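Engineer: Sequence unavailable; structure follows:
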DNA sequence: GTCTATAAGGAGATAGAC
DNA sequence: GTCTATCTCCTTATAGAC
């Protein structure tokens, strides 16, 4: 059995995702949790604090630790396979329930002054970008792939995956989607291989 | 001198972009316009109606008419140049003031149930997708480019441009940005040419 | 077309009993 | 830790004078 604080966080995540920060009231949250509004204040001192805590929990400490699993890195000497699996892994991650929530909240709130919480797509994305850029830079150094602009390479690799994510906000696992991701990886590989 | 209705639409666009639909009140709008809240209701019957009218005005009737200018189509027989100019044109369009507003509002509101207005990234994007897919399909038919999956091609062409747009929500003209767009077009062309 | 005044309810947040 | 009760301000919207 979860304690009330956890339930508040869980329910308010759902509400913020569906209705946005401004569109969600303490009243809404209390109703979903099944307590009075005043009881919320035993656990959080303000609505903003709920939001901040929730963003904090949704944000992973280390992205590479999540994405670059041993299983994935085992294939690093086979760049074609590695690129395919890397793409699948990133999309799978973006398709996870908590990451779907985070992306929706970031895209929904990034521009607004309603919270003083600093969230922006740029800072969200930069973790993925730096990681991907590093991988391609290393691949260039080891002559696995052609020398070219690593920034553009990383962006064009990730952009397609993120677009698929945007186009399918509620998508589950889907064979056609995986086919497209693999097709993208294949085209990408044809383009960068030496 | 604009009339009040136009000023309301103009000011509320700015507010919806900055603070979102739920985060913007009739009071905010009235204040920006310089009239009382009640005076708003001489022009619109509800906040929702302002929003609907504004989305309607921001949505172009025909996308191809805006993007596929004669100047652009003159180069169609030179696919490398056409692709470069097409990419530049789309980004320039996405970077225009009214389109920046529309994109921000769509990304900010698409998931929420706060308005009954149906806006989603998917339907916004599909106009660009269909147009781009058609162009590449024609290019394949005329053997200007290699035969491959036109869906994946169109998405990967547009995805990079849209990602740049997302990464730079307030960007103005920028040489580095144009260089990246051109680099993307070049890589893309190398990949699809026969 | 804009104003003042006001309704009727929702917002975030607190005090104090249990 | 949750409740009832309440505060104060904000919300959308309307009525009616000018």
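Structural biologist: Cool, got the structure. It should be emphasised that the depicted structure is a prediction, and the values quoted were computed from it without experimental measurement. Numbering: from 1, shown residues only, chains lettered A, B, ... in the order given.

Engineer: contacts and neighbour counts: CA atoms only from here.
Structural biologist: OK.

Engineer: which residue sits closest to residue A:151, ignoring its sequence neighbours?
Structural biologist: residue A:133 (6.3 Å; C-alpha to C-alpha, 6 or more residues apart in numbering or on different chains).

Engineer: How many residues are close by residue A:70?
Structural biologist: 9 (other C-alpha atoms under 10 Å in any protein chain shown).

Engineer: what domains does the record give for chain A?
Structural biologist: Domain assignment for chain A by automatic domain parsing gives A:4-56, A:60-192.

Engineer: Ranked by average pLDDT, which of those falls at the bottom?
Structural biologist: Lowest mean pLDDT within these: domain A:60-192, at a mean of 93.

Engineer: Mind putting the domains of chain A into TSV with distance to residue B:96?
Structural biologist: As requested, those are exported to TSV (distance: least, C-alpha to C-alpha, whole Å):
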stretch	distance to residue B:96
domain A:4-56	26
domain A:60-192	17
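
Engineer: The ones you listed: which one's closest to DNA strand D?
Structural biologist: Nearest of the domains of chain A to DNA strand D, taken as C-alpha to the nearest atom of the strand: domain A:4-56 at 3.4 Å.

Engineer: distance between the ends of that closest one?
Structural biologist: Domain A:4-56 has an end-to-end distance of 18 Å (criterion: C-alpha to C-alpha, to the nearest Å).

Engineer: Can you tell me the element whatever residue of chain A ends up closest to chain B falls in?
Structural biologist: Closest contact between chain A and chain B, by C-alpha to the nearest C-alpha, is at residue A:108 (3.9 Å). Residue A:108 belongs to helix A:97-109 when assigned by DSSP states H and E.

Engineer: okay, the angle between that helix and helix B:97-109?
Structural biologist: Interaxial angle of helix A:97-109 relative to helix B:97-109 (axes from the mean of the first three to the mean of the last three C-alpha atoms, to 10 degrees): 140 degrees.

Engineer: Which neighbouring elements make contact with helix A:97-109?
Structural biologist: For helix A:97-109, the elements it packs on are helix A:4-19, helix A:47-58, helix B:97-109, judged by 3 or more C-alpha pairs under 8 Å, 6 or more residues apart in numbering or on different chains; DSSP states H and E.

Engineer: Quick one: residues in contact with the last one.
Structural biologist: The one in question is helix B:97-109. Applying C-alpha atoms under 8 Å, 6 or more residues apart in numbering or on different chains, the contact partners of helix B:97-109 are A:107-111, B:13-14, B:16-17, B:20-21, B:55, B:58-59, B:93-94, B:119-121, B:169.

Engineer: cool, and the longest one?
Structural biologist: Here helix A:4-19 makes contact (C-alpha under 8 Å, 6+ apart) with A:23-24, A:28-30, A:32-33, A:40, A:43, A:50, A:53-54, A:101, A:104-105, B:111-114.

Engineer: hmm, 7 Å instead?
Structural biologist: Contact with helix A:4-19 is made by A:24, A:29, A:32-33, A:43, A:50, A:54, A:101, A:104-105, B:111-114, as judged by C-alpha atoms under 7 Å, 6 or more residues apart in numbering or on different chains.

Engineer: rewinding a little: residue A:66 is nearest to which of the helices and strands packed on helix A:97-109?
Structural biologist: helix A:47-58 (13.2 Å; C-alpha to C-alpha).

Engineer: Give the next helix or strand downstream of that closest one.
Structural biologist: helix A:63-67.

Engineer: Give me the contacts around that following helix.
Structural biologist: A:89-90, A:127, A:131.
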